[in-house]
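Colleague: Turn this into a model:
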Amino acid sequence: MKLRIEDLREPVLTDVQRTALAYAEQHPADLTTEAVLTRAREITGLDDFGAAGFRERMQVWLDEIRTDPNRTALAGTVMFDLCVKHAANRLRIEALLARHPEIHDQEIVAPLFVTGLPRSGTTHLVNLLAADTGFRSLPLWEADQPVPDKGEAPGRDGVDPRFVRCARAWDRMRAGNPYLAAWHTMAPDSIHEDIELWANDFAGYNPEWIFQMMPVWQAHYLAHDQTPHYEYLRTVLKILQWYRPGERWLLKCPQHLENLRPLTTVFPDATVVMTQRDPVGVVQSAATLRAYGARTMYHRFDVEEILDYWAALVERLLRSAQRDRRLVPEGRVLDVPFHDYMADTMGTAEQVYEHAGMELTAVARAQIAAYVEAHPRDEHGAMSYDLRADFGISPEALRRRYTFHLDRHPMPVEVR
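Modeller: Modelled structure (predicted):
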């Protein structure tokens, strides 16, 4: 089923969107660090947030929404709730480490990182590989809240309460954005990005996805070494591994493209799989997704500005990966062209296993095949785009921006 957004430039809000905007106007959020921390303490009954450096980063997040008169009250509500969630997770993480310091003795051995541009097949690839239960992967319900509340345990049905909460959140997200499932599933059992774990340290580019554009935060992020946040990621992975061991970690995030130096510093034995796709198709999809979301985050917005923001971000990711790729030993980095992956899914899996020094067993092969059969491409519908009509730019003009990358990684032209 083809899905086309006809009101990208002049939005027609749904009833759910109008109700959410009105409610936020009537109940504005208090976008201060102290309000966030107080609420997180109330939720958890805890008070040790660990190293205090995160407060400065949280303040940047909050201030960028609070000081922008073009942001809606709903943007403030979403930011407040986001900060409370991650601050509460920090509290739970610190409390668990204090009770069980032996968690620090866990070792993260030879993790496999899937990375690539947003909208380049990374989500499908990591979910496909995670069908092999030999991997220790990261389902969204676990990424959303890595440490359960004290005394919380699965119910009689065996379902973790965190899974239930995550499923309810997914229902709310789909109600607010009817195209979301076609773009990027956030179902609780789907394998998610480790960027959620970074966010508990108030790091990473996740706010840019949620709030369409965050230029002040982006500048702050780019001005700082990300190694401490990879170390934080490693600590949370140790916690998750302590709770539920696995043979080998399988992780995924586009942001690793521009952080190969800190990644290889903290995880020196990592294998990196990079998806490759026509950057024009990537920008077209990402910008359309963000432009649709802007209708509830801004009073007024410019679709061309959103396109340029994400076109620049994609260029930055590609240039950074080109610069730092040499930091990953040649035998532990694999390019996966999107068109080859779509044409030969199992063949791609075989290549990944070979590069990772793993055996693709008959059991794993059957699990992957079952996943492919159960999750056909575009199972939630296929988005239909039009760069010229929606953003006033030709694919050819946009593609010239990425010649430096396409010269090294020629890709079939997807958008004409």
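Colleague: all strands for this protein, in order.
Modeller: Listed in chain order, the strands found in the chain under DSSP state E are 2-4, 112-116, 135-136, 248-252, 271-276, 333-337, 382-384.
Colleague: could those strands go into a markdown table alongside distance to residue 61?
Modeller: From N, CA and C alone the C-beta is placed, and that goes for glycine too. Putting the strands of the chain into a markdown table (distance: least, Cβ to Cβ, whole Å) gives the following:
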| stretch | distance to residue 61 |
| --- | --- |
| strand 2-4 | 31 |
| strand 112-116 | 24 |
| strand 135-136 | 30 |
| strand 248-252 | 23 |
| strand 271-276 | 28 |
| strand 333-337 | 33 |
| strand 382-384 | 29 |
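Colleague: Out of those, which one sits most buried?
Modeller: Taking mean count of other Cβ atoms under 10 Å as the contact definition, the stretch among those with the greatest mean neighbour count is strand 112-116, which reaches a mean of 26.
Colleague: what sits up against that strand?
Modeller: When contacts are defined by Cβ atoms under 8 Å, 6 or more residues apart in numbering, strand 112-116 is touched by residues 122, 125-126, 129, 135, 248-257, 263, 267, 270-277, 321, 336, 352, 356.
Colleague: could you redo the last one with a cut-off of 7 Å?
Modeller: Counting by Cβ atoms under 7 Å, 6 or more residues apart in numbering, the neighbours of strand 112-116 from elsewhere in the structure are 122, 125-126, 248-254, 256-257, 263, 270-276, 356.
Colleague: ok, it: who's next to it in the sheet?
Modeller: Strand 112-116 has its sheet partners listed here by DSSP bridges as strand 248-252 (parallel), strand 271-276 (parallel).
Colleague: would you turn those into CSV with distance to residue 371?
Modeller: What follows is those, written out as CSV (distance: least, Cβ to Cβ, whole Å):
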stretch, distance to residue 371
strand 248-252, 13
strand 271-276, 17
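Colleague: which one of those strands lies closest to residue 1?
Modeller: strand 271-276 (24.8 Å; Cβ to Cβ).
Colleague: any weak-confidence spans in the stretch 51-200 of the chain?
Modeller: Across the stretch 51-200 of the chain, the ranges flagged by pLDDT under 70 are 182.
Colleague: That should have said the stretch 251-400 of the chain, apologies.
Modeller: When the per-residue scores of the stretch 251-400 of the chain are filtered using pLDDT under 70, the ranges that remain are 378-381.
Colleague: what comes up buried for the longest helix along the chain?
Modeller: Ranked by residue count under DSSP state H, the longest helix found in the chain is helix 73-99. With burial defined by 16 or more other Cβ atoms under 10 Å, the residues of helix 73-99 counted as buried are 73-80, 82-97.
Colleague: Relative to the whole chain's centre, how far out is stretch 16-24?
Modeller: Mean-position distance between stretch 16-24 and its chain equals 25 Å (Cα atoms, centre = their mean, to the nearest Å).
Colleague: which stretch among the strands of the chain comes nearest residue 104?
Modeller: Here strand 248-252 is closest among those (Cβ to Cβ), at 16.6 Å.
Colleague: And the contacts of that closest one?
Modeller: The contact list for strand 248-252 (Cβ under 7 Å, 6+ apart) reads 108, 110-115, 122, 126, 129-130, 135-138, 193-194, 237.
Colleague: make it 6 Å
Modeller: Contacts with strand 248-252, where a contact means Cβ atoms under 6 Å, 6 or more residues apart in numbering, come from 111-114, 122, 126, 129-130, 135-137, 193-194.
Colleague: Would you check which pair of these lies furthest apart?
Modeller: Of all pairs drawn from these, the one with the largest separation by Cβ to Cβ is 122 and 136; the distance is 17.9 Å.
Colleague: who's in contact with residue 87?
Modeller: Shown here is residue 87, whose contacts under the criterion Cβ under 6 Å, 6+ apart are 36, 37, 40.
Colleague: Of those residues - the most surrounded one?
Modeller: Comparing those on neighbour count, residue 36 comes out first with 27 neighbours (neighbours: other Cβ atoms under 10 Å).
Colleague: Just the pLDDT for it.
Modeller: What the model reports for residue 36 is a pLDDT of 98.
Colleague: Begin at 148 from now on, thanks
Modeller: Okay, residue one is now 148; in that scheme the one you just asked about reads as residue 183.
Colleague: Check the spacing between the residue nearest to it when sequence neighbours are not counted and residue 365 real quick.
Modeller: For residue 183, the nearest residue in space outside its immediate sequence neighbours is residue 230; the separation is 4.4 Å by Cβ to Cβ, 6 or more residues apart in numbering. Distance, residue 230 to residue 365, using Cβ to Cβ, to the nearest Å: 17 Å.
Colleague: swap in residue 444?
Modeller: If you measure residue 444 against residue 365 using Cβ to Cβ, the figure is 16 Å.
Colleague: who has more neighbours, the two?
Modeller: The residue with more neighbours, out of residue 444 and residue 365 and counting by other Cβ under 10 Å, is residue 444; that gives 22 against 18.
Colleague: so what's the more buried one closest to, chain neighbours aside?
Modeller: Counting by Cβ to Cβ, 6+ apart, residue 222 is the residue found nearest to residue 444 once chain neighbours are left out, at 4.4 Å.
Colleague: just to revisit the earlier point, residue 300: which of the contacts of residue 234 is nearest?
Modeller: For the contacts of residue 234, the residue nearest residue 300 by Cβ to Cβ is residue 187; the value is 22.0 Å.
Colleague: show me what contacts residue 193?
Modeller: 238, 242.
Colleague: let's see it at 10 Å
Modeller: For residue 193, the contact set (Cβ atoms under 10 Å, 6 or more residues apart in numbering) comprises 187, 235, 237, 238, 239, 240, 241, 242, 245, 296, 297.
Colleague: what does residue 247 give?
Modeller: 386, 389.
Colleague: Distance of it relative to residue 294?
Modeller: Computed as Cβ to Cβ, the residue 247 to residue 294 distance reads 11 Å.
Colleague: intersection of neighbour lists for these two?
Modeller: Going by Cβ under 10 Å, 6+ apart, residues that sit against residue 247 and also against residue 294 are residue 386.
Colleague: Number of residues surrounding residue 476?
Modeller: For residue 476, the neighbour count with other Cβ under 10 Å is 13.
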